[in-house]
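> Below: sequence and its predicted model.
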Amino acid sequence: MPVSIPDNNDLFSFVENETIPENAAHWEREHFIPVVRADWRVLITDAAVQGGLDHDQFEEFCALLDTLIHMSTYHDNTSISESYSLVDPDNIGGRLAEVARVDDYDGRCQTVIRQFDQIMVRGNYQKLSRTELLEALDKASEFGIPMRANFSVFKRIAVYVRGKVVGQRTRRRAMNFYRKEELDVPLFQRLVICFQLTEDATANDEHRHDCLYIKSFKNIPQHDIDMLLPGTSVRMSLVDRGKIALPTISGLAMLTFRIVFLASMGLFAFLGLLFTTSGYAVKSIFGYIRTKDRYQHSLTKNLYYQNLGNNAGVLQQMQMEAEVQDIQECLLGYTMLITRFPDGATMGQLDKAAEDFIQDVVKFPVDFEVDDALRKLVRLNIVSVTPQRMYLACPLDKASVQLQSGFAQKFTNYNSD
C-alpha cells in the first residue's frame with residue numbers, strides 16, 4: 001500500500017498523538033512470521049490436531065525441534081558474541097595479559113558485521129540497499145526533524161528493517177482552523193543500524209573507530225532514518241531561518257538609516273544608538289541558539305522513547321529473533337506437508353499453503369521463505385525430497401525419532417570437543 005508524504009512542514013501544525021492501529025495496513029509485503037512464539041505454537045498445534053495428528057505426540061515433536069534448533073545455533077551465536085566482545089564499545093571487561101595480542105580491529109569489525117548480516121537474514125529482516133537508504137534520507141516525514149546526513153563519517157554501515165506498517169498521527173493546523181486531521185505515516189516497526197566510524201570522525205568525539213556500534217529502534221517513519229545516524233546535523237526550516245534573519249536584516253537597515261539621519265546629534269547619541277542595535281543583534285543570535293536547542297530537544301525526546309537497545313543487547317535480541325523465526329518456519333513447513341500433502345508437495349504448493357495459513361491468521365499477506373524452511377527440514381532429516389522434486393514429510397513418530405537422534409549426535413559431538 002503506497003503512502004505519499006507531504007513535503008511541507010507547517011510551523012503552525014501541532015501533533016496531538018500517534019498510534020499504530022491494531023489491524024494496521026502494510027505498505028509492503030512482509031517477509032517474517034509476525035506472531036509471538038507462544039501464540040504460534042498454539043496455532044500450529046491446533047492445525048496439526050485438526051489434521052489428524054495426536055496432540056501429545058505433536059507437542060513432544062515441537063519441544064524436540066525447538067531444542068535441536070537452539071543447539072544448532074548455539075555455537076554460531078557464541079562465536080559471534082565472543083568476536084563482538086572485542087569490538088563492543090560498552091565492554092568493560094579487560095583482557096588477560098598472557099592472551100592479549102595486537103588485533104586487527106578493522107578486520108574484526110568486518111567479520112562481525114558479516115556474521116551479523118547472516119543473523120538478520122535468518123530473522124527475516126530486510127537490508128536496505130544504498131539506493132533505498134538514500135531514497136529514505138531524501139526528505140523528512142511530515143512530523144520528522146529535518147536533518148543533514150554525512151556518510152563520510154562511516155567506514156561501513158548497514159540498515160535493517162522489519163514490519164512496514166501504516167501508522168496514524170493526529171494533527172491540528174492553522175490553515176484548517178485547528179480541526180483534527182489524521183495522516184497516514186509509513187513506519188518501520190523495527191529498525192536496526194550497525195556501523196563503524198572512521199578515525200577522522202572520532203578525532204574530536206567520545207566515539208571510537210575501533211568499535212562496531214549496533215542500535216535498535218521502533219516505529220521509525222520511513223523518511224526519518226537520518227534522525228538515527230551519527231554525523232548528522234539539524235537542518236532548520238526556512239521559517240526558522242526567516243525568524244532569525246529578517247529581524248537582523250531589518251535592524252541593520254534601521255541602523256544605517258538612523259546613522260545617516262542622526263549623525264548630527266553627537267557622539268553620545270551615536271553610541272547609544274549603536275549599543276541599542278547591538279543588543280538587538282545579540283537577541284537575534286540567542287534566538288538562533290534557542291531554535292537549534294528546540295530542534296535538538298525534539299530529536300532527543302523522539303530517540304529516548306523509540307530506542308530499544310544498544311550494542312551487545314541488540315546482538316542477543318537479534319540472535320533470539322532469528323532462532324524464533326527458524327523454529328516457526330520449520331513448524332509451519334512440516335505441519336503443512338504432513339497434514340495437507342501426505343503424498344508430497346512441490347515447493348510452490350507448500351509455499352501457497354503456508355502463505356494462505358499465515359494470511360488467515362494475521363489478515364495480511366506474508367512472503368513465506370519456503371526454500372529456506374525446506375532446506376532446514378531436509379537437513380534435520382524430517383523431510384525428504386524425491387527425484388521429481390516433491391517434498392515428503394516423515395510420519396510424526398519417525399520425525400520425533402530423527403530429532404532425538406540429531407539431539408544425541410550433537411550431544412556426542414559436544415563431549416568429543
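Looks like it came in fine. Note that the structure is a prediction, hence the values are computed from the model and not measured.
> Could you use CA atoms for every contact and neighbour count after this?
Will do.
> Pretty sure residue 108 sits against residue 83.
Yes: if you go by C-alpha atoms under 8 Å, residue 108 and residue 83 touch, sitting 7.3 Å apart.
> Could you pull up phi and psi at residue 189?
The phi and psi torsions at residue 189 (degrees, to the nearest 10) take the values phi -60, psi -30.
> Excluding covalently adjacent residues, which one is nearest to the residue nearest to the spatial centre of the chain?
For the chain, residue 191 is the residue whose C-alpha lies nearest the centre (C-alpha atoms, centre = their mean; 0.7 Å). What sits nearest to residue 191 in space, not counting adjacent residues and going by C-alpha to C-alpha, 6 or more residues apart in numbering, is residue 161, at 4.5 Å.
> Quick check: buried residues in the host helix or strand of the one you found?
Assigning secondary structure by DSSP states H and E places residue 161 in strand 154-173. Using 16 or more other C-alpha atoms under 10 Å as the test for burial, strand 154-173 gives 154, 156-173.
> for stretch 126-134, same thing?
Counting neighbours by 16+ other C-alpha under 10 Å, the buried set in stretch 126-134 is 126, 127, 133.
> and it, how far apart are its ends?
Using C-alpha to C-alpha, to the nearest Å, the span of stretch 126-134 from its first residue to its last is 16 Å.
> Run through who's touching that stretch.
Counting contacts by C-alpha atoms under 8 Å, 6 or more residues apart in numbering, the residues outside stretch 126-134 that touch it are 120, 158, 159, 160, 161, 162.
> How far off centre is it?
Taking C-alpha atoms, centre = their mean, to the nearest Å, one finds the center of stretch 126-134 at 12 Å from the center of the full chain.
> sorry, back to before: for the residue nearest to the centre of the chain, helix, strand, or coil?
Of the three states, residue 191 takes strand under DSSP: H, G, I helix; E, B strand; the rest coil.
> Report the contact partners of it.
Counting by C-alpha under 8 Å, 6+ apart, residue 191 makes contact with 159, 160, 161, 162, 216, 217, 218, 219, 220.
> same deal with residue 180?
Taking C-alpha under 8 Å, 6+ apart as the definition of contact, the neighbours of residue 180 are 170, 171, 172.
> Could you rerun that using 6 Å?
With contacts taken as C-alpha atoms under 6 Å, 6 or more residues apart in numbering, residue 180 has the following neighbours: 171, 172.
> what's the answer for the one 3 residues further on, then?
By C-alpha under 6 Å, 6+ apart, residue 183 lies in contact with 168, 169.
> measure it to residue 217 for me?
In this structure, residue 183 lies at 22 Å from residue 217, with C-alpha to C-alpha as the measure.
> same check, this time on residue 383
The spacing between residue 383 and residue 217, counted by C-alpha to C-alpha, is 38 Å.
> How are the strands of the stretch 101-250 of the chain distributed by residue range?
Assigned by DSSP state E, counting those that start in this stretch, the strands in the stretch 101-250 of the chain fall at 126-127, 147-148, 154-173, 180-197, 213-221, 233-234.
> The first one pairs with which strands, and in what direction?
According to DSSP bridges, strand 126-127 has the following sheet partners: strand 154-173 (antiparallel).
> Identify all contacting residues around the strand it pairs with.
Here strand 154-173 makes contact (C-alpha under 6 Å, 6+ apart) with 12-20, 24-27, 125-128, 178-198.
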